[in-house]
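Chemist: Return a 3D structure for these sequence lines:
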Amino acid sequence: MKAEQNKELYHQMKMVTAVAYDLRDPATVILMAKDALEKLVIAQLPEKDQKKAQGPLRYIEKSVNRLERISMNLLDISRSSTGELKPHWESVCISAACKELCEEARAMRQGKNIVCSVPKHPVVIQTDCYFFDRILLNLLSNAMTACPEGKIWVELKEYSNEVVLVVKDSGPGLDAHRLQSPFAPVYRTEDSSMRLGLYISDLLAKQMYATLSAENMPKGGARFVLRIPVEEQGGQQAFCAPVRQEQQTRKRYVEAEFSLFDPM
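Modeler: Here you go, the predicted structure:
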């Protein structure tokens, strides 16, 4: 009986994966059509008419970005459930990733109160750049939701056998119920939507053999800590030329995650 249930669940998750991919194709086409319309038609209009036409185009772009976010979440969950989501190990400069993604977050908050602290030298480890970026994006997004006007700190620290990423905020912290299961999916009854960022972050952390924890700070606010083990060879960390996500791909999921904070 259990084997049949597992098989049924596997097929359901495969179907979710297929649906998520199907969502991405029209989203890409819509964005391409929007860009073509902007370049071939709107660019030919008088300047005052161009500004009027930008409003609907911006609405289209932000709506597609939110559709892309739903697709990414579905893909991460379904592929993780079926065992298809595996890290692609490579040398990643995570200190640069922290600075870049914090800059993106600052742009969404008009430069307000996001402090990023990383070592002065490049911190390069063997990890999956998609996994790391997605976890940090989700933690930043969660902090921005928790304290829209407060302060957020991102800290990257190096130790002999691990690298630690800390994201904390000056918000109200996690309530007692949430603190018991901080990485469970959150269902929002007011708009029938679901918040999956922390749940997905925990899934990805486990896939890359890292641990993600959450706690409330003594003086208020929540703190999330990602601990990434660092393998050493002969006393030296394995090193090769650092890589980053292909720029256009990375741009898509950065825009998708932060579209929640960019009003239409």
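Chemist: quick one: terminal-to-terminal distance for stretch 167-174?
Modeler: Its first and final residues considered, stretch 167-174 spans 14 Å by Cα to Cα, to the nearest Å.
Chemist: Just confirm Glu104 is within a strand.
Modeler: No. Counting by DSSP: H, G, I helix; E, B strand; the rest coil, Glu104 is not part of a strand but helix.
Chemist: what's the pLDDT at it?
Modeler: On the pLDDT scale, Glu104 is placed at 86.
Chemist: Show me where this structure has its strands.
Modeler: Counting by DSSP state E, the chain has strands at residues 90-93, 114-117, 124-127, 152-158, 162-169, 186-188, 193-195, 211-216, 222-229, 232-233, 236-237.
Chemist: For those, give me a markdown table that also has mean neighbour count, mean pLDDT and distance to Leu67.
Modeler: (Glycine included, C-beta is placed from N, CA and C.) Listed next are those as a markdown table, based on neighbours: other Cβ atoms under 10 Å; pLDDT from 0 to 100; distance: least, Cβ to Cβ, whole Å:
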| stretch | mean neighbour count | mean pLDDT | distance to Leu67 |
| --- | --- | --- | --- |
| strand 90-93 | 18 | 90 | 28 |
| strand 114-117 | 16 | 94 | 26 |
| strand 124-127 | 21 | 91 | 28 |
| strand 152-158 | 19 | 96 | 27 |
| strand 162-169 | 20 | 96 | 26 |
| strand 186-188 | 11 | 68 | 18 |
| strand 193-195 | 13 | 68 | 13 |
| strand 211-216 | 17 | 96 | 27 |
| strand 222-229 | 20 | 96 | 27 |
| strand 232-233 | 10 | 44 | 43 |
| strand 236-237 | 12 | 42 | 40 |
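Chemist: Reformat those into JSON lines and put distance to Asp175 next to each item.
Modeler: Putting those into JSON lines (distance: least, Cβ to Cβ, whole Å) gives the following:
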{"stretch": "strand 90-93", "distance to Asp175": "34"}
{"stretch": "strand 114-117", "distance to Asp175": "24"}
{"stretch": "strand 124-127", "distance to Asp175": "32"}
{"stretch": "strand 152-158", "distance to Asp175": "19"}
{"stretch": "strand 162-169", "distance to Asp175": "15"}
{"stretch": "strand 186-188", "distance to Asp175": "11"}
{"stretch": "strand 193-195", "distance to Asp175": "14"}
{"stretch": "strand 211-216", "distance to Asp175": "9"}
{"stretch": "strand 222-229", "distance to Asp175": "10"}
{"stretch": "strand 232-233", "distance to Asp175": "40"}
{"stretch": "strand 236-237", "distance to Asp175": "40"}
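Chemist: Those: which one's closest to Ser71?
Modeler: strand 193-195 (14.1 Å; Cβ to Cβ).
Chemist: how close does Glu61 get to Ala210?
Modeler: Computed with Cβ to Cβ, to the nearest Å, the distance linking Glu61 and Ala210 is 33 Å.
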